[in-house]
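Undergrad: Generate coordinates for the sequence data below:
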Amino acid sequence: MSFSFNFDVHAQSVSPEDVGESNVEKDKADIAAKHTTDDPTAAANIKEAAEHCPPPDPETLLADAVTETVTVGTLPPLLFLNETVLEKTASEREDEEKILSHTEDQRSDLISGVYEGGLKVWECTYDLLEWLDSDGETFGEKRVLDLGCGAGLLGILALKRGASKVHFQDYNSTVIKQLTLPNVLLNSQEDGPGEEESGSDSDEDGKRKNDSEKGKGDEDLKDGAPPAKKSLTEPPQHSALLARCRFYSGDWTTFLALVVKAEPPPKYDIIFTSETIYNTAYYPSLHETLQELLAPDGVVYLATKAHYFGVGGGLLLFEQFVEEQGIFSLHHLWDVEEGLKRHVVSLCFKTRKVLELVSV
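TA: Numbering: from 1, shown residues only. Below you'll find the model as predicted:
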């Protein structure tokens, strides 16, 4: 499986010298270690859920956007806002929660109950993309939930592969407004000439390219030359794609309470969740959300590190919790042994297995 990163620029007002390297493989465990969850009130943090609609003129979300492109094997290229530029331009952005200033002041990418890391694209998201590429999962006409979506790359992949509905949820409204929504819009644009070739550059062994191997756009940023603006052959068409999406913020308990008010309540064929089991205090609300929203024959894809040092969560503890509840069967799909151990697993209802046996 090939993996590559490239920089594209839709428009830019940030000076090139202010743009640093993108830390797409920064270890969430190391960062989270600065903020332990010994405080028993951690699980009691409530952030009221809300649904967010795109603005009347969605193109305003892409003003001065500096983007990256990730290509994994045969998957379509996925575009997302450069996180370093997002940080550098924090003072210019709408941020009612003040998480951009909080993360800058505390030099942390995880502040329990305030900011849950959604502005970063974490390593395990790429693991799950790689596994989806190798497995050949199909999305045609399926209903998908990207839970704890952050940049929304997993949900965006489902959109590009024909999912009928994709709903995005993240703890912070700032993440949804400033990152997820713009990323969906970026990926709704028609590919410009040559974009596919530029996005397919990869190293021979199929691993992710490191900082020294990034594309020419990255080199231009280092050399001080402004990167070329991304050309569009025609105005982007967003309406059809956005009609298949809904966007939510809030903690899982209030999010669940909000969405089940719909008639009928939503049921998802696929639920993606990546790097969300780092805090054991959140397991009950996560499990309840999965249990209530997964379709009877649906599947949850979870990508995680084996252990999150300083926070206490990890796959072993989550497996034990799931087994104690007796609702889901958990299966290991891919165990990544290099570096800090990581895993891609799936969950499905135990009743699904019984029904399959009966049907046979």
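
Undergrad: Any stretches of the protein with poor pLDDT?
TA: Flagging of the chain using pLDDT under 70 yields the residue ranges 1-45, 90-91, 100-115, 189-238, 353-360.

Undergrad: can you map out the helices along it?
TA: 28-32, 83-88, 99-106, 123-135, 153-160, 173-175, 181-186, 195-199, 216-223, 239-242, 252-259, 283-293, 315-325, 350-359 (DSSP state H).

Undergrad: helices or strands next to the second one in the packing?
TA: Spelled out, that is helix 83-88. helix 99-106 (3 or more Cβ pairs under 8 Å, 6 or more residues apart in numbering; DSSP states H and E). C-beta here means a position set from N, CA and C on the backbone, and glycine is covered the same way.

Undergrad: ranges for the strands of the stretch 201-350 of the chain?
TA: Assigned by DSSP state E, counting those that start in this stretch, the stretch 201-350 of the chain shows strands spanning 245-249, 268-274, 294-305, 328-336, 342-349.

Undergrad: What strands line up against the third one, and which way round?
TA: Applying DSSP bridges, strand 294-305 is found paired with strand 268-274 (parallel), strand 342-349 (antiparallel).

Undergrad: Buried ones in it, by neighbour count?
TA: Neighbour counts over strand 294-305 (16 or more other Cβ atoms under 10 Å) mark 294-295, 298-305 as buried.

Undergrad: How about the shortest one?
TA: The neighbour-count check on strand 245-249 (16+ other Cβ under 10 Å) flags 245-249 as buried.

Undergrad: between it and helix 153-160, how big is the angle?
TA: Strand 245-249 and helix 153-160 are oriented at 160 degrees to each other (axes from the mean of the first three to the mean of the last three Cα atoms, to 10 degrees).

Undergrad: relative to helix 252-259, how tilted is strand 245-249?
TA: Between strand 245-249 and helix 252-259, the angle comes out at 140 degrees (the same axes, to 10 degrees).

Undergrad: what residues does strand 245-249 touch?
TA: Residues from elsewhere that reach strand 245-249, judged by Cβ atoms under 8 Å, 6 or more residues apart in numbering: 47, 49-54, 155, 159, 165-173, 175-176, 180-181, 184, 255, 258-259.

Undergrad: Buried ones among those?
TA: For those, buried by 16+ other Cβ under 10 Å: 47, 49, 52, 54, 155, 159, 165-173, 175-176, 180-181, 184, 255, 258-259.

Undergrad: looking at the strands of the stretch 201-350 of the chain, which is closest to Leu147?
TA: Judged by Cβ to Cβ, the one of the strands of the stretch 201-350 of the chain that comes nearest to Leu147 is strand 268-274, at 4.3 Å.

Undergrad: quick one: contacts of that closest one?
TA: 122, 124-125, 128, 137, 139, 142-150, 154-155, 158, 163, 167, 286, 290, 293-295, 297-304.

Undergrad: Leu153: neighbour count?
TA: Leu153 has 26 neighbours, counted by other Cβ atoms under 10 Å.

Undergrad: got it, and Val66?
TA: 27.

Undergrad: repeat for the one 10 residues further on
TA: When neighbours are defined as other Cβ under 10 Å, Pro76 has 15 of them.

Undergrad: Check the gap between it and Ala243 for me.
TA: Applying Cβ to Cβ, to the nearest Å, the value for Pro76 to Ala243 is 20 Å.

Undergrad: same thing with Asn279?
TA: Distance from Asn279 to Ala243, by Cβ to Cβ: 35 Å.

Undergrad: Then Tyr268?
TA: Taking Cβ to Cβ, one finds Tyr268 at 17 Å from Ala243.

Undergrad: Also Ala306?
TA: Taking Cβ to Cβ, one finds Ala306 at 40 Å from Ala243.

Undergrad: Between these two, point out the one with more neighbours.
TA: Ala306 (15 against 9).

Undergrad: Skipping adjacent residues, who's closest to the more buried one in space?
TA: In this structure, Ala306 finds its nearest non-sequential neighbour in Lys341, 3.9 Å apart by Cβ to Cβ, 6 or more residues apart in numbering.

Undergrad: burial count for Asn311?
TA: Just to correct that, residue 311 is Val rather than Asn. 25.

Undergrad: Check the contact between it and Asn279; I expect there is one.
TA: Yes: assessed by Cβ atoms under 8 Å, Val311 is found in contact with Asn279 at 5.7 Å.

Undergrad: Am I right that Gln169 is in contact with Leu256?
TA: No: counting by Cβ under 8 Å, Gln169 stays clear of Leu256, with 9.7 Å between them.

Undergrad: contacting residues for Phe139?
TA: Phe139 neighbours (Cβ under 8 Å, 6+ apart): 157-158, 161-163, 270.

Undergrad: Now with 10 Å, please.
TA: Counting by Cβ atoms under 10 Å, 6 or more residues apart in numbering, Phe139 makes contact with 132, 157-164, 166, 269-270.

Undergrad: still on that earlier bit, how about the buried residues of strand 245-249 in TSV, adding distance to Gly117?
TA: Below are the buried residues of strand 245-249 laid out as TSV (distance: Cβ to Cβ, whole Å):
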residue	distance to Gly117
Cys245	22
Arg246	22
Phe247	18
Tyr248	17
Ser249	14
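
Undergrad: which one of those is nearest Asp335?
TA: Using Cβ to Cβ, those come closest to Asp335 at Tyr248, 31.5 Å.
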